[in-house]
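Enquirer: Here is my input; please provide its structure:
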Amino acid sequence: MAADKLITAVIVDDHAAITAGVRFWCEQAVPPIELIDAGERLADVWTGPGAAADVVIFDLELVARRPDFGELRRLVDSGRRVIVYSQHTEDATVIKCIDLGALAYLTKREGPEHLVPAIRAAARGEPYTAPSLSGVLVANDSPGWPRLSQRETEVLRAWFVSSSKDLVAAKLNITVKTVDTYIARVRVKYANVGRAARTKSELVGRALDDGLITLAELNQPETLQ
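Expert: Purely as a prediction, here's the structure:
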């Protein structure tokens, strides 16, 4: 990114006071950062000025007690540069967000001395670790988070949006037996972290909780390719 290019950030947060504070910090930054307010409207990140913003500042919990890991994954998978700005300080939540591809995780107790440099780093595609959370990321043991391989995740996601394993096999150019093997491995990994998923619906629930897939993806009509 050119040094003289104006950095733009879109903030998704349902608290007007938080957004007003972040806007003030961005305006006072040298050079200033342009802030686009999406409120709690996730659609505004994908359309209008928010779609072209360099950085997404994302409140993880727009719905009470339901952190939206799925939307975080969708943003990251689409190539957006995301900073999670949240009230949560639990180690597992922080680690999960970083594992999903967030470039920074800041708590709402952390002020402009961290958020502004985090925005600048994210605009360059670089991670930023606030000092208060550096120890959390070093001690990444995340007991409830199964470590799925990229291929296991790919097969799982394809199975969730397909009506049969035959279609998954055809789409990924593997055999049905291989599909079964990958799904079995995923079940074992979830069972090993104390989150057994014996049925497809249970596995879908785990995947939604962990941000492996979004409700929007599950509700898309199936297409044959």
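Enquirer: Report all helices and strands that whichever strand or helix holds W159 contacts.
Expert: Assigned by DSSP states H and E, W159 belongs to helix 150-160. Judged by 3 or more C-beta pairs under 8 Å, 6 or more residues apart in numbering; DSSP states H and E, the packing partners of helix 150-160 are helix 165-172, helix 176-192, helix 200-209, helix 215-218. Where you see a C-beta, it was placed from the backbone N, CA and C, and this is true even at glycine.
Enquirer: Centroid-nearest residue for this protein?
Expert: Geometric centre of the chain, nearest residue: L72, 2.2 Å, by C-alpha atoms, centre = their mean.
Enquirer: List phi and psi for that residue.
Expert: phi -60, psi -50 (degrees, to the nearest 10).
Enquirer: That one reaches D99, doesn't it?
Expert: No: L72 is beyond contact range of D99, at 10.2 Å (criterion: C-beta atoms under 8 Å).
Enquirer: Low-confidence stretches in this protein?
Expert: Along the chain, the model assigns pLDDT under 70 to residues 1-4, 64-65, 132, 134-143, 221-225.
Enquirer: please redo it, this time with the cut-off set to 80
Expert: 1-4, 62-67, 99, 131-145, 147, 149, 192-193, 220-225 (pLDDT under 80).
Enquirer: can you give me the strands in it?
Expert: Under the criterion DSSP state E, the chain carries strands at the ranges 8-12, 34-37, 55-58, 82-86, 104-107.
Enquirer: just the ones you listed: most buried one?
Expert: Mean neighbour counts were compared across those using mean count of other C-beta atoms under 10 Å; the top stretch is strand 55-58, at a mean of 26.
Enquirer: That one packs against which elements?
Expert: strand 8-12, helix 69-77, strand 82-86, helix 112-123.
Enquirer: Tell me which of those lies nearest to R147.
Expert: helix 69-77 (15.5 Å; C-beta to C-beta).
Enquirer: Show me what counts as buried in the closest one.
Expert: Going by neighbour count (16 or more other C-beta atoms under 10 Å), the buried part of helix 69-77 is 69-76.
Enquirer: who's in contact with it?
Expert: 42, 45, 56, 58, 60, 82, 84, 96-97, 100-102, 208-217 (C-beta atoms under 8 Å, 6 or more residues apart in numbering).
Enquirer: Hey, what's the angle from it to strand 82-86? Just curious.
Expert: Orientation of helix 69-77 against strand 82-86 (axes from the mean of the first three to the mean of the last three C-alpha atoms, to 10 degrees) gives an angle of 150 degrees.
Enquirer: how far out from the middle of the chain is helix 69-77?
Expert: 4 Å (C-alpha atoms, centre = their mean, to the nearest Å).
Enquirer: Ok, stretch 33-43 next?
Expert: 17 Å.
Enquirer: From start to finish, how long is that stretch in a straight line?
Expert: 22 Å (C-alpha to C-alpha, to the nearest Å).
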